[in-house]
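J.: 3D model of this:
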Amino acid sequence: MKVMFYVQHLLGIGHLVRASRIAAALAEAGHQVTMVSGGMPVSGFPPAGVGLEQLKPLRTADGSFSSLVDETGAPADDGLRDNRRRQLLAVHDSLQPDCLVIEAYPFARRQMRFELAPLLEHVHAGNRVSRAMVVSSVRDILQPRTAERDKATAEVVRRHFDLVLVHGDEAFARFGETFSETDSIADRLAYTGMVAPPLDQALPPAGKRYDVVVSAGGGAVGTALLNASIGARQMTRLAGARWLVVTGPNLPGDQFEALQQAAGSTVTLSRFEPALAGLIACARLSISQAGYNTVADVLRAGCASVLVPFEGKGEQEQLLRAGRLEASGRGVMVREAGLNASALVQAIERALDLDPALAPDLSLDGAASSAALLAFRYDSFRRNL
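T.: Next up, the predicted model:
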């Protein structure tokens, strides 16, 4: 297949990471994949073997996701939106994809309706026999929303989408628990398992392996976690171990410098690690937020984990995910409101005493499964046109 894969990351880079893993699996399976990215460019994404069409970048002004700005921080205006809308349609017409995968929408990324709604109308306005199969790629746990919004979302799915890939394991989280209209789109729903890194991922050389890996996603909202981790290190049983703190590329420069001063020479500080999953795979302990991709990395690694879910601006998805992991014996959660060095020390000690072997197995091969499902469903889609 020729696959056009649209993704828009706004604050962190989680959406981009998950989409890149699936795109890489599609390319490895022999499909021609082009990622259309609408966020700020990030080195190493998409991976080798996947083409890139970069839209004029947009990001969110802050953690509220209420307004969009361009790469300079200027508010997005109608001219920029028109430019992106035309660019997106032109990319579609140039690629003539067999399969159009849209990450998150319409379950999330409603800010991008200005370009995605016209794209979907454009796809369906063309020749029915040659049109692309339209797929939504969505994580397993959604932000809480109103029943009215769920109904509107389901209507968009029924009207425009042929398939919805839910990247999760039903044994961990059923889609219907956070999306009330699941039954109305059940005929298009398919679970893929968690999109975790591959088992044969490249591991870092021995000289670049750490006992403890602290990470804060993109870094825009993780300062408290990073500070608490550096403050807690000396009070844990791993005080003499090798610690790596990955701040994320979006951490402001003055905060990065302050962390460097606090860490001194005893902790390695890094802004960004494209092979973060490999570093976690070699660690005894991961301290992180509870974003989808980091949790998938931790599950694949099987290491001890402390999770500090992001709860700003009404966000609850990470809280729900971290709570389930703690309940299954896979980690220890610390709420943002009670986060400090002392609380983190207690959580670290508890996490190190957990036995991951006692936790139930989950399906973690969501990238390869997504590629296989898309190929299978595409054959059926073409036969039924």
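J.: Would you map the helices across the stretch 1-150 of the chain?
T.: Under the criterion DSSP state H, counting those that start in this stretch, helices of the stretch 1-150 of the chain are mapped to 14-28, 78-95, 113-125, 147-160.
J.: most neighbours per residue, which of those helices?
T.: Among the helices of the stretch 1-150 of the chain, ranked by average contacts under mean count of other CB atoms under 10 Å, first place goes to helix 14-28 (a mean of 24). Every C-beta, even on glycine, is put in place using the N, C-alpha and C of the backbone.
J.: Pass me the low-pLDDT residue ranges in this protein, would you?
T.: Residues of the chain meeting the criterion pLDDT under 70: 63-65.
J.: tell me the domain boundaries of it?
T.: Residue ranges for the domains of the chain, per automatic domain parsing: 2-194+364-383, 206-358.
J.: Can you lay out the helices of the stretch 1-150 of the chain as a markdown table showing distance to residue 37?
T.: Shown next, in a markdown table, are those (distance: least, CB to CB, whole Å):
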| stretch | distance to residue 37 |
| --- | --- |
| helix 14-28 | 7 |
| helix 78-95 | 11 |
| helix 113-125 | 13 |
| helix 147-160 | 21 |
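J.: Go through these and name the closest to residue 348.
T.: Of all these, helix 14-28 sits nearest to residue 348, with 23.7 Å by CB to CB.
J.: Kindly reformat the domains of the chain as a markdown table and extend each row with distance to residue 200.
T.: Formatted as a markdown table, the domains of the chain follow (distance: least, CB to CB, whole Å):
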| stretch | distance to residue 200 |
| --- | --- |
| domain 2-194+364-383 | 11 |
| domain 206-358 | 11 |
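J.: residues in contact with stretch 226-243?
T.: The contact list for stretch 226-243 (CB atoms under 8 Å, 6 or more residues apart in numbering) reads 209-212, 214, 216, 245, 247, 251, 259, 262-263, 266-268, 284-285, 287, 308, 339-345, 348-349, 352.
J.: what does stretch 92-104 give?
T.: 1-8, 15, 18-19, 22, 34, 109, 116, 119, 122-123, 130, 132-139, 165, 374, 378.
J.: what do you get if the cut-off is 7 Å, keeping everything else the same?
T.: With contacts defined as CB atoms under 7 Å, 6 or more residues apart in numbering, stretch 92-104 is touched by 1-7, 15, 19, 34, 116, 119, 122-123, 132-138, 374, 378.
J.: List buried members of those residues by neighbour count.
T.: 1, 3-7, 15, 19, 34, 116, 119, 123, 132-138, 374, 378 (16 or more other CB atoms under 10 Å).
J.: need the helices for the stretch 151-300 of the chain, in chain order.
T.: Using DSSP H, counting those that start in this stretch, helices in the stretch 151-300 of the chain cover 223-232, 253-263, 276-281, 292-301.
J.: The ones you listed: which one's closest to residue 149?
T.: The closest of the helices of the stretch 151-300 of the chain to residue 149 is helix 292-301. By CB to CB, the value is 20.7 Å.
J.: Just list the residues touching residue 216, thanks.
T.: Taking CB under 7 Å, 6+ apart as the test, what residue 216 contacts is 222, 225, 226, 247, 248, 289.
J.: Repeat the analysis, applying 8 Å as the threshold.
T.: Per CB under 8 Å, 6+ apart, neighbours of residue 216: 222, 223, 225, 226, 246, 247, 248, 251, 288, 289.
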